[in-house]
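# Attaching a predicted model along with its sequence, questions to come.
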Protein chains: 2
Amino acid sequence: MSVNWEQIDECVQQWIIEAGARIKETFDQTLTIETKSSRSDLVTNVDKEIEQFFIERIRKKFPTHRVLGEEGFGDDVSALEGVVWVIDPIDGTMNFIHQKRNFAISIGVFENAVGMLGYVYDVVNDELYYARKGKGAFLNDRPLPRLQPVSIPEAIVCLNAAWVIENKRIDPSVLTPLVKEARGTRSYGSAALEMAYIAAGRLDAYITMRLSPWDFAGGLVIVEEVGGVVTDIYGEPLQLLRPSSVFVSKPGLHEEILNRYIRKS
Amino acid sequence: MSVNWEQIDECVQQWIIEAGARIKETFDQTLTIETKSSRSDLVTNVDKEIEQFFIERIRKKFPTHRVLGEEGFGDDVSALEGVVWVIDPIDGTMNFIHQKRNFAISIGVFENAVGMLGYVYDVVNDELYYARKGKGAFLNDRPLPRLQPVSIPEAIVCLNAAWVIENKRIDPSVLTPLVKEARGTRSYGSAALEMAYIAAGRLDAYITMRLSPWDFAGGLVIVEEVGGVVTDIYGEPLQLLRPSSVFVSKPGLHEEILNRYIRKS
């Protein structure tokens, strides 16, 4: 039975806006905040409620689909056959808590490991970035143009300071010259939004040393649909069922950064 | 003759919204982009036009006031007696060019070197942060509450990766432990906005090694009005007529960061 992607797309678009409205309603409420793997890995009652919001609807409407969700209310997904939803109810929870902005709902829908639908919803700015494989990517109703190559000295690179100081995942000397040679560096604290910014041409490259599948699943589909390149830091395809480094970039620039800084080291 | 600050405040609020509308009108136009002191120090025709927009109005309405503007259309200000306006028509020009967001109009109005009025206008989000010395600070019509102390492990610090790698202004080992010990780091690329975010409680500390007076003049008045601390990196008061490092923070956290990372080094 072939999958009706148009129907799924309609559902996601409706649910994601509804979930965004629910999140905004919580801005005046007191959050329950817990830490997970580390003191900077935070979760709130709202993350959990929003994940459950999606899972209930998916199970009712698409009972054969499986769901991999950040907060663990979904299925125990160990292989990617069939239709799998990968959901982060609030990507950028630290921003959600501290800033009440700069966070997003991220959803990717995959069929046999191929990204078919991607959504990143910047709730506060009411900006929905989305793509359907082969049908184009959009910001709200505006089609996003294909990404054009750019050189390193003209590039704005999204890179957290944590990856150019001593850390557990990469020798700080690898990316230090990129910070020097790029036009500028930024860091916003939400992988989903940072990937959406790449798709929208606001950033030229984004490098981070550890994300979980729900952080990048939605952005992956959107960025690839506009001709951006999404790999791990070594240029290898991302695995959807385990944490990974992530390197997202405009075409051309991706190869240039790999060759100039990463492969040589 | 005493200065009518209420009248000036009314004028600035009216002009800044008008200038913001003019900037938004340019989003569809082709920009003329030049470099200034370095390849990352950019200026466009819009920066220049907006500075002239303000200077014309100030000269007509307040002929005795002097203006220090980033693009050099103002006066040659070498001392701070009387009323001096310090203007950045577009703070975050690189963001303006690349992102069409994350930039701001910044204005500080000083009397005998004392900051009396401060404005940071986030044009795209239509968010005007402003303060009048002794009369409170506001985000649009909402009063901004006084900043409360926070500890380093709970703090989001705004710090560009450039300052923890080899650079001309600070030994990278000074701020590296702060990046490790803070809850998270961010970098947005507009000093005026980053200071406004401190005032609004979205960031807890902001450190940068070189700004010009027009970058920080508006934010300075706003942050101080909500009880934040604004100094150079060594904890000394900012000078308004020369470039400086800038360290902006919530109270308490400012002293803690100075003592723990900067004074010891």
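Everything's here; your move. Residues are numbered from 1 along each chain as shown, chains lettered A, B, ... in the order given.

# got any ranges where chain A has weak pLDDT?
Low-confidence segments of chain A, defined by pLDDT under 70: A:1, A:265.

# per-domain residue ranges of it.
A:5-143, A:152-262 (automatic domain parsing).

# Adding distance to chain B and mean neighbour count, write those domains out as JSON lines.
From N, CA and C alone the C-beta is placed, and that goes for glycine too. Formatted as JSON lines, the domains of chain A follow (distance: least, CB to the nearest CB, whole Å; neighbours: other CB atoms under 10 Å in any protein chain shown):
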{"stretch": "domain A:5-143", "distance to chain B": "4", "mean neighbour count": "18"}
{"stretch": "domain A:152-262", "distance to chain B": "4", "mean neighbour count": "21"}
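
# separation between A:Phe73 and B:Arg210?
Distance of A:Phe73 to B:Arg210, given as CB to CB, to the nearest Å: 48 Å.

# Relative to B:Ser2, how far out is the nearest residue to A:Gly201 once chain neighbours are set aside?
The spatially closest residue to A:Gly201, leaving aside those adjacent along the chain, is A:Leu147, at 6.4 Å (CB to CB, 6 or more residues apart in numbering or on different chains). Note on A:Leu147: its distance to B:Ser2, by CB to CB, is 57 Å.

# State which helix of chain A is the longest.
Longest helix of chain A, by residue count under DSSP state H: helix A:5-25.

# Outside of that helix itself, list whatever touches it.
A:46, A:49-50, A:53-54, A:57, A:61-62, A:89-90, A:96, A:105, A:107, A:109, A:116-117, A:119, A:121, A:123-124, A:126, A:128, A:130, A:132 (CB atoms under 8 Å, 6 or more residues apart in numbering or on different chains).

# hang on, isn't A:Met94 packed against A:Ser40?
Yes. A:Met94 lies in contact with A:Ser40 (CB atoms under 8 Å); the separation is 6.7 Å.

# joint contacts of these two?
Residues touching both A:Met94 and A:Ser40 (CB under 8 Å, 6+ apart): B:Arg183, B:Gly184.

# Sketch out the helices for the stretch 51-200 of chain A, chain order is fine.
Remark: helices assigned in the stretch 51-200 of chain A by DSSP state H, counting those that start in this stretch are A:93-99, A:172-181, A:191-199.

# With distance to B:Ile170 added, can I get those in a markdown table?
As requested, the helices of the stretch 51-200 of chain A are exported to a markdown table (distance: least, CB to CB, whole Å):
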| stretch | distance to B:Ile170 |
| --- | --- |
| helix A:93-99 | 26 |
| helix A:172-181 | 14 |
| helix A:191-199 | 26 |
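
# what sits against the residue nearest to A:Gly201?
Each residue near A:Leu147 by CB under 8 Å, 6+ apart is listed here: A:Ile198, A:Ala199, A:Gly201, A:Val226, A:Gly227, A:Gly228, A:Lys250, A:Pro251.

# mind giving me a markdown table with those residues and columns for secondary structure?
Output for those, formatted as a markdown table (DSSP: H, G, I helix; E, B strand; the rest coil):
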| residue | secondary structure |
| --- | --- |
| A:Ile198 | helix |
| A:Ala199 | helix |
| A:Gly201 | coil |
| A:Val226 | coil |
| A:Gly227 | coil |
| A:Gly228 | coil |
| A:Lys250 | coil |
| A:Pro251 | coil |
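
# you'd agree A:Thr185 is up against B:Val164?
No. Assessed by CB under 8 Å, A:Thr185 is found out of contact with B:Val164, at 10.9 Å.

# secondary structure element for A:Phe247?
Here A:Phe247 sits within strand A:244-249, counting by DSSP states H and E.

# Which strands and helices lie in contact with that strand?
helix A:191-199, strand A:205-211, helix A:213-225, strand A:229-231, helix A:253-257 (3 or more CB pairs under 8 Å, 6 or more residues apart in numbering or on different chains; DSSP states H and E).

# repeat that for 7 Å
Under the contact criterion of 3 or more CB pairs under 7 Å, 6 or more residues apart in numbering or on different chains; DSSP states H and E, strand A:244-249 touches strand A:205-211, strand A:229-231.

# Would you mind saying which of these lies nearest B:Leu238?
Closest approach to B:Leu238 among the helices and strands packed on strand A:244-249 (CB to CB): strand A:205-211, 33.3 Å.

# which residues touch that closest one?
Where contact means CB atoms under 7 Å, 6 or more residues apart in numbering or on different chains, the residues beyond strand A:205-211 that reach it are A:155, A:157-160, A:163, A:169-170, A:175, A:191, A:194-195, A:198, A:233, A:243-250, A:253, A:257.

# switch the cut-off to 8 Å
With CB under 8 Å, 6+ apart as the test, strand A:205-211 has contacts from A:155-160, A:163, A:167, A:169-170, A:175, A:178, A:182, A:191, A:194-195, A:197-198, A:233, A:243-250, A:253-254, A:257.

# for stretch A:233-245, same thing?
Residues from elsewhere that reach stretch A:233-245, judged by CB under 8 Å, 6+ apart: A:68, A:77-80, A:84, A:86, A:110, A:113, A:169-170, A:207-213, A:216-217, A:220, A:230-232, A:246-247, A:254, A:258, A:262-263.

# C-alpha coordinates for that stretch, CSV please?
What follows is stretch A:233-245, C-alpha atoms only, in CSV (Å, rounded to 0.1, in the frame of the first residue of the first chain):
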residue,chain,number,x,y,z
ILE,A,233,31.8,15.9,10.5
TYR,A,234,33.8,13.5,8.3
GLY,A,235,31.5,13.8,5.3
GLU,A,236,29.8,10.5,5.9
PRO,A,237,26.0,10.1,5.6
LEU,A,238,24.1,10.6,8.9
GLN,A,239,22.7,7.5,10.7
LEU,A,240,19.2,8.1,11.9
LEU,A,241,19.2,5.8,14.9
ARG,A,242,22.2,7.0,16.8
PRO,A,243,23.8,10.3,18.0
SER,A,244,26.3,11.8,15.6
SER,A,245,28.3,14.8,14.7
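
# my guess is A:Ile262 contacts A:Pro177, does it?
No. Using CB under 8 Å, A:Ile262 is not in contact with A:Pro177; the gap is 10.7 Å.

# Kindly provide the distance from A:Arg59 to B:Pro237.
Distance of A:Arg59 to B:Pro237, given as CB to CB: 60 Å.

# hang on, A:Lys250 packs against A:Tyr197?
No. Under the criterion of CB under 8 Å, A:Lys250 makes no contact with A:Tyr197, lying 11.7 Å away.

# Need the nearest residue in space to A:Trp85, chain neighbours excluded.
A:Val67 (4.6 Å).

# So the one you found sits against A:Val84, correct?
Yes. Between A:Val67 and A:Val84 there is a contact at 7.4 Å, judged by CB under 8 Å.

# what do those two both touch?
A:Val77.

# dump the residue contacts of A:Ala155.
Residues near A:Ala155 by CB under 8 Å, 6+ apart: A:Ala182, A:Arg183, A:Asp204, A:Ala205, A:Lys250, A:Leu253.

# TSV for these, including distance to B:Ala137?
Compiled in TSV, the contacts of A:Ala155 are given as follows (distance: CB to CB, whole Å):
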residue	distance to B:Ala137
A:Ala182	34
A:Arg183	33
A:Asp204	35
A:Ala205	36
A:Lys250	39
A:Leu253	41
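
# Hmm, A:Ala104 is touching A:Gly92, no?
Yes. Using CB under 8 Å, A:Ala104 is in contact with A:Gly92, at 6.4 Å.

# Common neighbours of the two, please.
Common neighbours of A:Ala104 and A:Gly92, counting by CB under 8 Å, 6+ apart, are A:Ser190, A:Ala192, A:Leu193.

# what would the residues you listed look like in CSV with distance to B:Arg142?
Putting these into CSV (distance: CB to CB, whole Å) gives the following:
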residue, distance to B:Arg142
A:Ser190, 24
A:Ala192, 28
A:Leu193, 24
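
# Out of those residues, flag the one nearest to B:Thr30.
Nearest to B:Thr30 out of the shared contacts of A:Ala104 and A:Gly92 is A:Leu193 (CB to CB; 27.6 Å).

# What sits closest to A:Ile152 if chain neighbours are left out?
A:Glu181 (5.3 Å).

# Just to check, that neighbour is in contact with A:Glu154?
No. The criterion here is CB under 8 Å, and A:Glu181 misses it with A:Glu154 at 10.7 Å.
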